[in-house]
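S.K.: Generate a structure from the sequence data that follows.
(2 chains)
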Amino acid sequence: MKYFKLPDLGEGLQEAEIVRWHVAVGDTVTADQLLVSVETAKALVDIPAPYDGVVAKLYGGEGDIVHVGEPLLGYEGEADAGTVVGRLEGGGSSQEDSFFIGAAPSTREHLATRATPAVRQLARQLGVELSGVAGSGHEGLITRTDVENAAQTELDRFGGERLRGVRRSMALNMARSHAEVVPVTIFGDADLHRWGQAREPLIRLAKAMAAACAVEPVLNSAFDGKSLSLKQHERLDLGIAVDTPDGLFVPVLRDVGHRTSADLKEGVMRLRADVQARSIPPKEMMGATLTLSNFGTLFGRYANPVVVPPQVAILAAGAIRDEPVAVEGAVMVHPVLPLSLTFDHRVVTGGEAARFFKALVEALEQPDA
Amino acid sequence: MSNGKVTLLEAVNLALHRAMSEDENVIVLGEDVGVNGGVFRATQGLRDSFGFKRVIDSPLAETMLGGLVVGMAAQGLKPVVEIQFMGFIYAAMEHLVSHASRMRNRTRGRITCPMVMRTPMGAGIRAPEHHSESTEALFAHIPGLRVVIPSSPARAYGLLLAAIDDPDPVVFLEPTRLYRMNPQPLLDDGKRLPLDSCFTLREGSDITLISWGASVMETLQAATALAERGVSAEVIDVASIKPLDLDTMEASVRKTGRCVIVHEAPRSCGVGAEIAASLYERVLLELQAPIQRVTAPDIPPPLYRLESLYMPNVEDILQACDNVLHFA
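M.R.: Here you go, the predicted structure:
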């Protein structure tokens, strides 16, 4: 006999009272046929048959209390399942059981590459596929030298020149940034008609960025993507991208917010001269909290500048040019500075970036002091 | 036995019938094994066929049972004793460790101890914690004991017959969860399977999955899922936990370079640790990735609502495979 036990009726109810049996011993029932109505503390519940069979026994009469898990009804014809503690599931996959005693035939003539974990790691770093390397060590063991030679051979096959110094670090930093940062770029213009004749916007841009940082300090912060933690900087140390024949240098102009324009101008001149002479000390190029690219002095309007972690934003200034602008319904020609602000959307919201940008442009559009 | 297919439980029963009819020295004893046919009915019909002198209902006293079978075996009988659940076997531990396992050594080979201690093992049947454990490592640690765990009807049949033949004590652990799962065609031909060999259930070339007992089922399912992703997994059923057939495992891992070990027993000092350490000694230079273990946590089996979280499932195995495969 196989038992059908009172199932869990939900809502944490542990018992039910039998109200009426709809089947009798000897009846043939089909799955889902109504077996019994029971009353719980909350409702009258109809319990259907779980599967087809012949009723062998009813447990309890009308008015009796049955607890969840207790037998309600017995089916005929089932094999004796034993006095089991717990429940044995039947069925399972129809997959046929087949096996080799011991090892599979294919294990016998196999030749794998042999190398220590350290050499495998080296091969991974150098991009060497070990299966293509002939081992020179004991019993075909691939050695460190084998891997290094293979890497050199790869290099020789491609030819070309290996990147060094600043260009090498540019390649590494840009790739790292691309892999990590979620960049969004906003474009905007500053109308410079209230400026004097001077068209050298670098210092004004630096001061305007400091003003914007005061409005939205989150743009002037460091972000660690691994621990997902943010550190806000108290002062603005501005990295200034400087183009040289050797590559891109980014010396740092310290504490932009608290220095006078004249002082900053002198600082910039000195940094530029040092970079051109390649005499800038490495520490002068470290610790920028935000970066400015003034690429417009060469050519171009807008860009998608690349945020370099742990910084969270970068501003790029294009070339100033005279453009027609609408002023109170009339068309005027004003000098216009095109700007592109890229921010890391993991850290900075669109709203923060837009407010930063607006404050920056408002500061820029003030007349020269 | 429906459609000519046999469950693991029925395979055990067939093997017991076969062994008792082949050799009158084979004696079956244990709690409820006679009239009742055993708690899971593994010994059903034996008493009717072979009588109450060879199929003995014992008192509820595992310590006594342990001592009784050691004495019987030392004097030339071949006792097969059933312990109702693995959680009750510890009362017989003294006899297993201090006497059965050492009989051959202690008597300088004069007397051996040809006994089999059968017991259901493992979780997944909604039973309490002391009916659900997998403590095979305890027995595997004892020199002189064989530990065997079948994972299919055919292996249960062939290995149990071999265990009864064997002149040394065998702890024969039957995965309760598999007792009625996956019935298979089985020829009751008395053919033995080797006790010192793994079984390769699936041939593959990219990764070796090693398991035993009930976890073999999830391991095979993981291998099928890997095949759908184009990863060819070799699946090995260790079956003989002691002594281990390291040669087979070594050959496979040497071929694939990658290995995941799956067992339902808790992790610390589990048999998986022994296998991993031995493979590192043998195939370090061929390994493409660190060996991973998928095991139960170091806790007693929880009550049944949490059981499925305790036992390694297919997703756990696939996660470990991903870890191993991600090493290029």
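
S.K.: And the residue of chain B closest to chain A?
M.R.: Nearest residue of chain B to chain A, counting by CB to the nearest CB: residue B:127, 3.0 Å away. (Each C-beta comes from the backbone N, C-alpha and C, glycine too.)

S.K.: what about that residue, which SS state?
M.R.: Look at residue B:127: counting by DSSP: H, G, I helix; E, B strand; the rest coil, its state is coil.

S.K.: quick one, what contacts the closest residue to it other than its chain neighbours?
M.R.: Excluding its sequence neighbours, the residue lying closest to residue B:127 (CB to CB, 6 or more residues apart in numbering or on different chains) is residue A:86, at 3.0 Å. When the contact criterion is CB atoms under 8 Å, 6 or more residues apart in numbering or on different chains, the partners of residue A:86 are B:125-128, B:131-132, B:176, B:304.

S.K.: Apply 10 Å and report the result again.
M.R.: Applying CB atoms under 10 Å, 6 or more residues apart in numbering or on different chains to residue A:86 gives the contacts B:40, B:85, B:120, B:123-128, B:131-132, B:176-177, B:304, B:307.

S.K.: Per the annotation, how does chain B divide into domains?
M.R.: B:5-185, B:199-325 (automatic domain parsing).

S.K.: Show me the shaky parts of the chain.
M.R.: I went with chain A, as the question did not name one. Residues of chain A meeting the criterion pLDDT under 70: A:11, A:77-84, A:92-94, A:108-110, A:198-199, A:369.

S.K.: other chain: chain B
M.R.: Within chain B, the stretches with pLDDT under 70 are B:1-3, B:328.

S.K.: those helices in it, which residues are they?
M.R.: B:8-22, B:46-50, B:62-74, B:93-98, B:103-106, B:136-140, B:153-165, B:215-228, B:246-256, B:271-283, B:307-310, B:314-325 (DSSP state H).

S.K.: Which of these sits closest to residue A:306?
M.R.: Taking CB to CB, helix B:314-325 is the member of the helices of chain B nearest to residue A:306, at 31.9 Å.

S.K.: contacts for the closest one?
M.R.: B:206-209, B:211, B:215, B:217-226, B:229, B:231, B:233, B:256-262, B:287-296, B:309, B:312-313.

S.K.: Could you rerun that using 8 Å?
M.R.: For helix B:314-325, the external contacting residues (CB under 8 Å, 6+ apart) are B:206-207, B:209, B:218-219, B:221-222, B:225-226, B:231, B:233, B:258-260, B:262, B:288-294.

S.K.: Equivalent analysis for stretch A:300-309, please.
M.R.: Residues from elsewhere that reach stretch A:300-309 (CB under 8 Å, 6+ apart): A:173-174, A:176-178, A:180-181, A:183, A:185, A:187, A:223, A:225, A:291, A:293, A:295, A:313-316, A:318-319, A:338, A:340, A:342-344.

S.K.: Stretch A:175-192 too?
M.R.: A:201, A:225, A:302-309, A:320, A:325, A:334-346, A:350, A:353-354, A:357, A:360-361, A:364-365.

S.K.: Give me the nearest residue to residue A:340, chain neighbours excluded.
M.R.: Nearest non-adjacent residue to residue A:340, counting by CB to CB, 6+ apart: residue A:316, 4.4 Å away.

S.K.: in its sheet, what does the strand or helix carrying the one you found sit against?
M.R.: Assigning secondary structure by DSSP states H and E places residue A:316 in strand A:313-317. The strands beside strand A:313-317 in its sheet (DSSP bridges) come out as strand A:290-293 (parallel), strand A:330-344 (antiparallel).

S.K.: Tell me which residue of the stretch 51-200 of chain A lies closest to chain B.
M.R.: Closest contact between the stretch 51-200 of chain A and chain B, by CB to the nearest CB, is at residue A:86 (3.0 Å).

S.K.: Give me the phi and psi for that residue.
M.R.: Dihedral angles of residue A:86 (phi, psi; degrees, to the nearest 10) stand at phi 90, psi -170.

S.K.: Look up how far residue B:307 lies from it.
M.R.: Remark: distance between residue A:86 and residue B:307 (CB to CB, to the nearest Å) = 10 Å.
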